[in-house]
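Peer 1: quick one: sequence and predicted model below, then my questions.
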Amino acid sequence: MTAVAHVVQQASGAIGGGHMSAVVFIHGTGVREPRFTALAGRVAAGLTALRDGLRIVPYYWGGTHGATLASGGVSLPPHPHPHPQSTARGPAETPAEPADVDTTAAWAVLYADPYAELRLAAAGAAGAAASGERPPGFVPPQLKVRTQLATLAAQGDAAFPELGPGLAHAATDLAGHPLLGPVADVLDPDTLAVLVARSMVARVIVDALDEDTPLVPIGETRDDLTDKLAEALGAPPPGAERGVRTLLLRTAGSAASRAVVRRRRALTEAAHPAAGDILRYLSRGDAVRADLRTLVAGLEAPVTLIGHSLGGIIALDTLISAPLPQVRLLVTAGSQGPFLYESGSLPSLEHPDPLPPHVPDWLNLYDPRDLLGYLGEGLFPGRVTDVAVDSGQPFPAAHSAYWTNPVVYRHIVDRLP
């Protein structure tokens, strides 16, 4: 099936019917099936929950126009040899960080190494004195937490469906991890439950990012799920600061860089379709834009184009190239269009040429922590509205968290024609 036939088929089966406001959603880099269907469904649900009478039309360009590795990936570097055992080192003697340090930095460390916090606790355990003789019937602390983890693993991912797939796998891996023994010996059960919960949540999110999922929970949802998971492991309900920042940030740099070295090939493989899609679009983007124009030509006004990441560039380029009178609003999220324009790399418009008059109102959403989101107001005064939306996630998770953020949908629906 050609790209045009595919998108037209999607349009005819889109949500809603009859004459109504149409919203065309254009995905970003690296998105392929079945993730695209899940992403488009999430966007449709977020928009239609706030406004009735919308026709959601997904434009899936990745299947036909996305980059592929023609030789099966022989250009990718091999796995670096991992260290047989990670040498845990205690935190260096550094001043305590300010109390208002952003906790997203601590989660960034956990995303680089989900076991980082446990490694630090185990390093402290290495120098702890033996606790002496155990009373009759004493149950080692690690046995209890290993049993709880095995129970979670047996329940499967359905135990915490909001977290998405991977919890059972994370619980199984952690239940057999050698770090649990020394950590359980020095931490109280409540603190241990919290550290274990954070480790598992970080592992699930890391695995999702490695799969290039466009649906990562925002920070508030992540923290709420972590609290619930900690309670399931025996911790009391949250009420006080649990120390994630103090324990992690003093060694953030070394923990993150060691983990990145270990994951070099995984990072390359995850980046391939994204980087390849960008390069392919910039060199051969005419067909992508032509198919989008064909799709929009079959829709009645008013039409809104919503583009994420490269999808925003595709939408912007298409609108600049020639008028599409049906389109009354352009929405970009985490998109690099303004940067490409300013750097002289946008195919359809060369700096300092102005935005053509036929380009409609432009809402540009960006997360301040998303390093792939850029601003347009300074480049096109009066033509672009930049709006910050904070997911509470560090980069790169922030780039994938737009479509689970309720604030994003409210800003879009408020401006829909």
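Peer 2: Structure received.

Peer 1: tell me where this structure has strands.
Peer 2: 21-26, 54-59, 303-308, 327-333, 361-366, 384-388 (DSSP state E).

Peer 1: okay, those strands in TSV with distance to residue 417 next?
Peer 2: From N, CA and C alone the C-beta is placed, and that goes for glycine too. As requested, these are exported to TSV (distance: least, Cβ to Cβ, whole Å):
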stretch	distance to residue 417
strand 21-26	6
strand 54-59	11
strand 303-308	7
strand 327-333	4
strand 361-366	9
strand 384-388	15
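
Peer 1: residue 42 is nearest to which of the ones you listed?
Peer 2: Nearest of those to residue 42, taken as Cβ to Cβ: strand 21-26 at 10.0 Å.

Peer 1: contact partners for the residue nearest to residue 104 when sequence neighbours are not counted?
Peer 2: Sequence neighbours aside, residue 394 is the residue nearest to residue 104 in space, at 4.3 Å (criterion: Cβ to Cβ, 6 or more residues apart in numbering). Contacts for residue 394 (Cβ atoms under 8 Å, 6 or more residues apart in numbering) come out as 104-105, 107-108, 111, 369.

Peer 1: number of nearby residues for residue 304?
Peer 2: 26 (other Cβ atoms under 10 Å).

Peer 1: show me the shaky parts of the protein.
Peer 2: Along the chain, segments meeting pLDDT under 70 span 1-19, 73, 76-102, 124-141, 212, 239-274.

Peer 1: hmm, 50 instead?
Peer 2: 1-18, 80-101, 127-132, 240-246, 249-272 (pLDDT under 50).

Peer 1: which parts of the stretch 101-250 of the chain are helices?
Peer 2: Taking DSSP state H, counting those that start in this stretch to define them, one finds helices in the stretch 101-250 of the chain at 103-112, 116-126, 141-155, 167-175, 180-186, 189-210, 219-232, 244-248.

Peer 1: now those helices in a markdown table, with mean neighbour count and distance to residue 42?
Peer 2: Shown next, in a markdown table, are the helices of the stretch 101-250 of the chain (neighbours: other Cβ atoms under 10 Å; distance: least, Cβ to Cβ, whole Å):
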| stretch | mean neighbour count | distance to residue 42 |
| --- | --- | --- |
| helix 103-112 | 22 | 21 |
| helix 116-126 | 20 | 30 |
| helix 141-155 | 17 | 25 |
| helix 167-175 | 20 | 19 |
| helix 180-186 | 20 | 35 |
| helix 189-210 | 22 | 14 |
| helix 219-232 | 19 | 13 |
| helix 244-248 | 21 | 28 |
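
Peer 1: and those helices: which comes nearest residue 30?
Peer 2: Nearest to residue 30 among the helices of the stretch 101-250 of the chain is helix 189-210; the distance by Cβ to Cβ comes to 10.9 Å.

Peer 1: just the angle for the closest one relative to helix 116-126, thanks.
Peer 2: Interaxial angle of helix 189-210 relative to helix 116-126 (axes from the mean of the first three to the mean of the last three Cα atoms, to 10 degrees): 140 degrees.

Peer 1: my guess is residue 172 meets residue 153, correct?
Peer 2: Yes: if you go by Cβ atoms under 8 Å, residue 172 and residue 153 touch, sitting 4.4 Å apart.

Peer 1: who touches both of the two?
Peer 2: Counting by Cβ under 8 Å, 6+ apart, nothing touches both residue 172 and residue 153.

Peer 1: sorry, back to before: biggest separation within the contacts of residue 394, which pair?
Peer 2: 111 and 369 (12.5 Å).

Peer 1: related to what we said a few turns ago, closest one to residue 288 among the helices of the stretch 101-250 of the chain?
Peer 2: That would be helix 189-210 among these, by Cβ to Cβ, at 25.1 Å.

Peer 1: for that closest one, C-alpha coordinates in PDB please.
Peer 2: Output in PDB follows, covering the C-alpha atoms of helix 189-210 (Å, rounded to 0.1, in the frame of the first residue of the first chain):
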ATOM      1  CA  PRO A 189      12.900  -1.800  55.500                       C
ATOM      2  CA  ASP A 190      11.000   1.400  54.600                       C
ATOM      3  CA  THR A 191      14.000   3.000  53.000                       C
ATOM      4  CA  LEU A 192      14.800  -0.200  51.200                       C
ATOM      5  CA  ALA A 193      11.300  -0.500  49.800                       C
ATOM      6  CA  VAL A 194      11.600   3.100  48.400                       C
ATOM      7  CA  LEU A 195      15.000   2.500  46.800                       C
ATOM      8  CA  VAL A 196      13.800  -0.700  45.200                       C
ATOM      9  CA  ALA A 197      10.600   0.900  43.900                       C
ATOM     10  CA  ARG A 198      12.600   3.800  42.300                       C
ATOM     11  CA  SER A 199      15.000   1.300  40.700                       C
ATOM     12  CA  MET A 200      12.200  -0.700  39.100                       C
ATOM     13  CA  VAL A 201      10.400   2.400  37.800                       C
ATOM     14  CA  ALA A 202      13.600   3.700  36.400                       C
ATOM     15  CA  ARG A 203      14.300   0.300  34.700                       C
ATOM     16  CA  VAL A 204      10.800   0.200  33.100                       C
ATOM     17  CA  ILE A 205      11.200   3.800  31.800                       C
ATOM     18  CA  VAL A 206      14.700   3.100  30.500                       C
ATOM     19  CA  ASP A 207      13.500   0.000  28.700                       C
ATOM     20  CA  ALA A 208      10.700   2.000  27.200                       C
ATOM     21  CA  LEU A 209      13.100   4.700  26.000                       C
ATOM     22  CA  ASP A 210      15.400   2.000  24.500                       C
END
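
Peer 1: identify the spatial nearest neighbour of residue 27, chain neighbours not counted.
Peer 2: residue 311 (5.2 Å).

Peer 1: closest one to residue 224 among the strands of the chain?
Peer 2: Taking the strands of the chain one by one with Cβ to Cβ, strand 384-388 is closest: 22.3 Å.

Peer 1: okay, buried residues for that closest one please.
Peer 2: By neighbour count with 16 or more other Cβ atoms under 10 Å, strand 384-388 contains the buried residues 384, 386-387.

Peer 1: same thing with stretch 44-55?
Peer 2: For stretch 44-55, burial by neighbour count (16+ other Cβ under 10 Å) applies to 44, 46-48, 54-55.

Peer 1: please consider this matter closed, and thank you.
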